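> got a predicted structure plus its sequence, pasted below:
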Amino acid sequence: MAELSNLTGLAPDQSGETDSTVSTASNRSLRLAEKEKKKGEADPFGLAVKYLSRVEAGTVVRGNDELERSLVVVETVALSNGLHPDVIAVLLDLALSLNAGTANCTRVLKFLIPATVVPQEAIVRGVSWLCAGKMPMNAQVFFVRWVLTVFDLIDCKDHLRSIYGFIFSFVTEENLCPFICHLLYLLTMREHVHAYRVRKLLDIQAKMGRQPFLTQLLALYKVFRPDLVTVSVPSRVRTGFKNYNAPWKVALSAVQRKNKGAVLVDQSLSLDVKEKPLSRKRKLHHLEIPPLSSVFDSNAKRKVFGLQELRSFKQLLENIDNIELPAQMGSLLGSALSLHYLDCVQDESAFLRLNFWLGHSLQEEFLLCPVDGSSDNTSEACRFLSTILSSQQFLQEGFSSTESFLYKFLSVWDGCLLRPQILDLLSDIPLMPSFYMRKLLFEPLKQLYFSSTVFFKCSVIECLNNMLVKWLTWHSVSVVKGGLDISLNSNSTMAMTLSGFMDSVMELVRFVGLLASEGLRLENCHVLLLNQTLAFYETVCDMFLKFSLPLIIMLPAGVFYPALFATDSVSVDRLGYIMYRYRKNLTLAKRQEKQREQTFHISRNTYKEFNRNLQAMVNSMWNSSWCLPGSDLEVDKDLIALSKVAEPWCCFDLIHHPALFSYAIEFHQKCWPERKDVDLGSIKAGKYWNWYMEFLFNQGFDGLNNFIQTNTGHSSSSLSSRDDRQPTSQP
Amino acid sequence: MTRCRILHSADVCDFGRKYSQRASIDYVSCLVAWHYGKAGSSNRLPVFRLWFLFIMEGRGSAVNTPARRPVTRRSKSYGRSCVEAPSYFWQTPGHLTVLRVPTSRGAAKSQIITDKVDPEHIALLVKNEWKLCYVTPLHGFRHTQLKSYSKHLSAFMVAEKQRGVAVEVGLEVGFTVTFTALLGMAETEEDAETVFIQIQSKPVFAAAGDAPKVVWRGWLTCVNGDPEYLRSLPPDFVSLPLFCTSGPESLTALVKSWFERAFDCNFGSLGLNSTTLNWLAALWTGCHPTSNIRYLKLAWRMPTQPPLDVSYTVNPQDAWGLWNSIHPEESTEDRIEIKDVQSFMNGLETHFFRHFKMYLSAGTLLKVSTALGSVHLDGKIKIGNSEYITTLLTLLTECALLKMPT
């Protein structure tokens, strides 16, 4: 490396400075060189810039790897993060001095992307290089175009204005003229307009014809000094300047967006603020979350904080009393900090504003202007709904305009458009009286459910499960807060009694029971659907213990039996767990009922239903006698005989159950590896049975384990007396 | 004695042919008078007689719109249910709001509006074509602040115009915005007063003596808005649901975005439906005795390939005759039922069918116009006569309120 640099004759700089040019490294100690190398690895960018700042006139460019490497390093950083103002100055000097060759001049200009601002001194120096007249024409043009692009980023323009005359002198250059005119247009102040300049421009106009850029500049001159420009300028000049920012546009906007994002990172704690797509041109902007901004006539007397000024949660806490609501309430959804604030807002009008905005956006997008199916629209709508969703999850409440939107949308929804988002929103719907639930929610949902694929059915059940969990959680919180009579909200005009709440929950569970039973029948007991359904009943069976809602609803036969006779072991295990939890809940309910009389009453029917299910399950799995007269599952003996299955009563015991069969075979092989003919019956004998149980439970069937443990002789429970047919511990 | 004058090149026999371009029929009817005139004695027109029976029954059951239950706004609007007992929005299935679509309304009454409102102000509204929008309630709008709004809006417009590259200088830099309250347009206590906005501009290179040109006009209004809806809003909201604009789209967009920022409201375009057009056709026709409507022009688009435009012009006297046969003038109750309106439209369509064997009801009614005004399905209106302005604005206010998000 060092030799190569030396070969290129690059190192006239031997002044013995302590800092490092790599070329001097050869005559240092090895250790130092090592250190330098490390340092270089740590900050290749710093080194590259340092190197580039030292490139002097006459440097060999062709084959200069050092130069090339440095340029590449700087280029990468520039395109990804933008460049510091000082680096801009260095590079601009390097490029325009042509020290690195003419080819590199345009190359450097191309990646000269400012991270923040451009120092005006750099531009002034650039203009002085322009005046030196060494640069080829295309480089000159390129430089002026770059200045036009970054014009808004130049930190201060007074020095630039003071060399107005120098810049003006370039209008005579035919190629530069359009760009120089544009630059002048941006710089011109009243004092710059002089008669001789006007004359010059008119001269050029006479030569070049009425070029739009000349007309535009003259028009501006006329605005400042109508007395000097006597020629008539058309009152409506067409836009005379084109945008010349093409080579930098993409990189510049990317860098700016990125840097802006870095500033916003703290503000948007968890939510991602939606970036405004730049390329998109849409007439309707209702899906944009408006930016935070303060009300325009806020009185300056009181010290108030705009939400957009807040940077941290601490700041929010300190100023919480002085915070002013933004001009557009919708903008609160843009950042997590403002959502924190929204949670504290008590102003009725503020929520009404928010709901008007949200309702309007949703209505315009989904109800009044149906989405035309183009992916752009959908992705935007998807983003919008996701923002609402995350806000609602953050607040742990649904917005009422989302709710009323959903009621309307459900009746026109195809069940396909943005399904995950819509179903998630649906699960945020707050509790409502059962009568409305049926009309607004269940009717349209039922239609969609029965006319859609099994996967849609699964998502509907999942969604309703989430909804139920949210309602129950809410209930359990409000019970803790005080009183059994919950009101939907402390400020709400509608209070719901406990019985009303129970009615709604019952209605929901009943509805899911119906969907699930019919769905399982239609879909041939699809495994996924069965599992979603069982997940729902895992919530239902624990309502009393987990959420202290004195309500126990059994699962319908249409769910119970498909699960009991399922061919996959997971479903059977889940059913075991559910039955185990039911038992726990019922036992507790029974005990409480005895202790404090009449806090609530669980109907005899529930117990009866539970016992019937329990009986069926224990009989089929444990007692090998599933087909009992008088139970749900009575099948005519002759009919069974027709199937020609030997020992049909054994078919669903723990060994022969289709879901557990493979485990029994595996167990058999492990016990008697030498046996050729498999006799599963031998598992039932003596100690093998206990081993088999242990083997099964070691496979992770905790649900079955719990179920069997509580329902066989091992545990004593208050309920056992009610079961007329307790399973015996051995078959 | 069927007289049928075809104005356009399209002949009756053309219907069977293939149209190479979008076809159109302009048909001027002089016949309706003849039909209804004979309706009593001739048995050739049983349809009309059936109507009479129909109407007789309908008259007895004429009831006012059932009172809508009040909408109460809850304080913490998120996290509460929108199905609280009063809102009942499912009562109008498929409709987007808690408000109900009325099935009957008062007949259009002539009103010398200039007694109430400054004639100059009225003149601003007449003769222009207006594009309709709906606006959600304005938060913090005060009629006393109109002067400062003028200043703010003009400053905003200049700022917006100059944003970005400063190449646009030279085009309408100077804007003068004037907000005017058109006092007297409001009909009830709850209606907020109409606000008229005018934007004038003076081109930079205009001669010194040039008067500034009006480049944009718009107004926000509420006439006979549903009182219960309006009362349900908290006091810091002002509901001016109907926004009419006339001028370049870019300026409309600027004004809208200023309003959205200043009053946290939202705009949506207000398309009308055919029921509204039918109502207007009937209401305007009913005005004929007091104010000459000169013509009743209806435009349909038939769903053929290519689409066939039908323009149907009815002699005002004939139209009124038909209307009068359905809804006799002497009827004491001054309410019109939607059934009457449908019968009226059916009558017109049946007449057309007799000549052209084409069911107009299969197409879309695009436009209704008389000398009193014109209304287009896509939400464009023209006000021809100030006397009946209230009727029109009541109807449009209602349409706008129906679009309010709940």
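Yep, it's here.
> nearest residue to A:Gly500 in space, please, no chain neighbours.
Leaving aside its sequence neighbours, A:Gly500 sits nearest to A:Pro433 (Cβ to Cβ, 6 or more residues apart in numbering or on different chains; 6.2 Å). C-beta here means a position set from N, CA and C on the backbone, and glycine is covered the same way.
> hmm, I was thinking of A:Gln308
Nearest to A:Gln308 is A:Leu292, by Cβ to Cβ, 6+ apart, at 3.9 Å.
> surely that neighbour is in contact with A:Gly330?
No: in this structure, A:Leu292 is not within contact of A:Gly330 by Cβ atoms under 8 Å, at 9.9 Å.
> if you count surrounding residues, which of the two has more?
A:Gly330 (25 against 21; other Cβ atoms under 10 Å in any protein chain shown).
> ranges for the strands of the stretch 301-406 of chain B?
Counting by DSSP state E, counting those that start in this stretch, the segments of the stretch 301-406 of chain B that form strands are B:308-314, B:335-337, B:364-370, B:373-376, B:380-383.
> direction included, what does the second one pair against?
Strands that pair with strand B:335-337, judged by DSSP bridges, come out as strand B:104-106 (antiparallel).
> residues making contact with the helix or strand following the strand it pairs with?
Heading C-terminal from strand B:104-106, the first helix or strand you meet, by DSSP states H and E, is helix B:119-125. Under the criterion Cβ atoms under 8 Å, 6 or more residues apart in numbering or on different chains, residues B:113-114, B:180, B:182-184, B:196, B:198, B:217, B:219, B:383, B:386, B:389 lie in contact with helix B:119-125.
> narrow these to those that are buried.
B:Ile113, B:Thr180, B:Leu182, B:Gly184, B:Phe196, B:Gln198, B:Arg217, B:Trp219, B:Ile383, B:Ser386, B:Ile389 (16 or more other Cβ atoms under 10 Å in any protein chain shown).
> as a markdown table, those with distance to A:Phe455 would be great.
What follows is the buried ones among the contacts of helix B:119-125, written out as a markdown table (distance: Cβ to Cβ, whole Å):
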| residue | distance to A:Phe455 |
| --- | --- |
| B:Ile113 | 61 |
| B:Thr180 | 59 |
| B:Leu182 | 58 |
| B:Gly184 | 61 |
| B:Phe196 | 56 |
| B:Gln198 | 57 |
| B:Arg217 | 54 |
| B:Trp219 | 52 |
| B:Ile383 | 55 |
| B:Ser386 | 61 |
| B:Ile389 | 56 |
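> then B:Lys127 would be within a strand, right?
No: counting by DSSP: H, G, I helix; E, B strand; the rest coil, B:Lys127 is not part of a strand but coil.
> check contacts around it.
Residues in contact with B:Lys127 (Cβ under 8 Å, 6+ apart) are B:Lys382, B:Ile383, B:Gly384.
> check contacts around the last one.
The neighbourhood of B:Gly384, defined by Cβ under 8 Å, 6+ apart, consists of B:Val126, B:Lys127, B:Thr370, B:Ala371, B:Leu372, B:Gly373, B:Ser374.
> once you drop chain neighbours, what's closest to it?
Distances taken as Cβ to Cβ, 6+ apart place B:Gly373 nearest to B:Gly384, at 4.5 Å, with adjacent residues excluded.
> from A:Asn613, how far off is the one you found?
71 Å (Cβ to Cβ, to the nearest Å).
> do A:Ala139 as well
According to Cβ to Cβ, A:Ala139 and A:Asn613 sit 87 Å apart.
> same deal with B:Leu138?
B:Leu138 is 60 Å from A:Asn613, by Cβ to Cβ.
> now do the SS call for B:Thr178.
strand.
> please name the nearest non-neighbouring residue to the residue of chain A found nearest chain B.
Scanning chain A for the residue nearest chain B gives A:Gly359, at 2.7 Å (criterion: Cβ to the nearest Cβ). In space, and not counting its chain neighbours, A:Gly359 is closest to B:Pro405: 2.7 Å by Cβ to Cβ, 6+ apart.
> list the contacts of A:Val49.
A:Ser70, A:Val74, A:Val87, A:Val90.
> make that B:Leu396, sorry
B:Leu132, B:Leu242, B:Leu270, B:Leu272, B:Ile381.
> report the two of the residues you listed separated the most.
Farthest-apart pair in these is B:Leu242 and B:Leu272; separation 11.7 Å (Cβ to Cβ).
> identify the contacts common to those two.
Shared contacts of B:Leu242 and B:Leu272 (Cβ under 8 Å, 6+ apart): B:Leu132, B:Leu396.
> so for those two, which sits in the more crowded spot?
A count of neighbours by other Cβ under 10 Å puts B:Leu242 above the other of B:Leu242 and B:Leu272, at 25 against 22.
> I'd like the distance between that one and chain A.
Per Cβ to the nearest Cβ, to the nearest Å, B:Leu242 is found 15 Å from chain A.
> report pLDDT for that residue.
pLDDT, B:Leu242: 96.
> find the nearest non-adjacent residue to A:Val144, please.
A:Phe179 (4.1 Å).
> relative to A:Val193, how far out is the one you found?
Distance, A:Phe179 to A:Val193, by Cβ to Cβ: 20 Å.
> which one of the two has more residues nearby?
Each of A:Phe179 and A:Val193 has its neighbours counted (other Cβ under 10 Å); A:Phe179 has more, 25 against 18.
> that one and A:Leu148 touch, don't they?
Yes: assessed by Cβ under 8 Å, A:Phe179 is found in contact with A:Leu148 at 6.4 Å.
> what's stretch A:150-167 in contact with?
So stretch A:150-167 is contacted by A:85, A:112, A:114, A:116-121, A:123-124, A:127, A:131, A:180, A:183-184, A:186-189, A:192, A:248, A:252 (Cβ under 8 Å, 6+ apart).
> now, those that are in helices?
Secondary structure of these is defined by DSSP state H; positions in helices are A:85, A:120-121, A:123-124, A:127, A:131, A:180, A:183-184, A:186-187, A:248, A:252.
> from those, which is closest to A:Met554?
Proximity of those to A:Met554, judged by Cβ to Cβ, is greatest for A:Leu252, which lies at 65.6 Å.
> residues contacting that closest one?
A:Ile113, A:Pro114, A:Thr149, A:Val150, A:Asn245.
> about what we covered before: now, of the contacts of stretch A:150-167, which are buried?
For these, a burial check counting by 16+ other Cβ under 10 Å picks out A:85, A:112, A:114, A:118-120, A:123, A:127, A:180, A:183-184, A:186-188, A:192, A:248, A:252.
> low-confidence regions, the stretch 451-600 of chain A specifically.
A:480-496, A:596-600 (pLDDT under 70).
> and the helices in the stretch 101-250 of chain B, which stretches?
Per DSSP state H, counting those that start in this stretch, the stretch 101-250 of chain B carries helices over the ranges B:119-125, B:146-162, B:227-232, B:249-263.
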